[in-house]
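Undergrad: Predicted coordinates and the sequence they were generated for:
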Amino acid sequence: AKITFITADGSSRAVEGHTGSVMELAVSHGIPGIDGDCGGVCSCATCHVHVAPEDLDKTGQASEIEKDMLELADGADEFSRLCCQISLSEDLDGIQLRVAK
Ligand code: FES
């Protein structure tokens, strides 16, 4: 799936991946602002993104565990996800994710 990341400076980068998590995809492409410090186990919130509102039906909402973690993240809103908790699949093709500041 092709995924577009909007980074903090407003630039966008489209990257493509097929397996693993969206966080792993972002880290492997050096997307600024996605650190993935905890390695993808939903305990650091350094992979916080805001899903474009029209794409939320593709990514789904955050799980309860993820929501608890997001409460500690700056600027979390109803479009927030921890992108290590989003598995890559073709269903995600074309989505836009804004990297949280
Ligand atoms: Fe740590 Fe996603 S990488 S919560």
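TA: Okay, I see it. Numbering: from 1, shown residues only.
Undergrad: CA only for contacts and neighbour counts going forward, please
TA: OK.
Undergrad: Pull the contacting residues for the residue most central in space within the chain.
TA: The central residue of the chain, meaning the one whose C-alpha is nearest the mean C-alpha position (C-alpha atoms, centre = their mean), is Cys83 at 3.1 Å. Remark: with contacts taken as C-alpha atoms under 8 Å, 6 or more residues apart in numbering, Cys83 is in contact with Ser21, Val22, Met23, Cys47, His48, Val49.
Undergrad: swap in Val22?
TA: For Val22, counting by C-alpha under 8 Å, 6+ apart, the contacting residues are Cys83, Cys84, Gln85, Ile86, Ser87, Leu88.
Undergrad: just those that are near the ligand?
TA: When contact is defined as C-alpha under 6 Å from any ligand atom, these meet the ligand at Cys83, Cys84.
Undergrad: Out of the contacts of Val22, the closest to the ligand would be?
TA: Cys84 (4.2 Å; C-alpha to the nearest ligand atom).
Undergrad: tell me which parts of the chain are close to the ligand?
TA: Counting by C-alpha under 6 Å from any ligand atom, the residues of the chain lying close to the ligand are 36-47, 82-84.
Undergrad: hmm, back to that, tell me the most packed of the contacts of Val22, by neighbour count.
TA: Neighbour counts for the contacts of Val22 were taken using other C-alpha atoms under 10 Å; the highest belongs to Cys83, with 30 neighbours.
Undergrad: quick one, phi psi at that one?
TA: phi -80, psi -10 (degrees, to the nearest 10).
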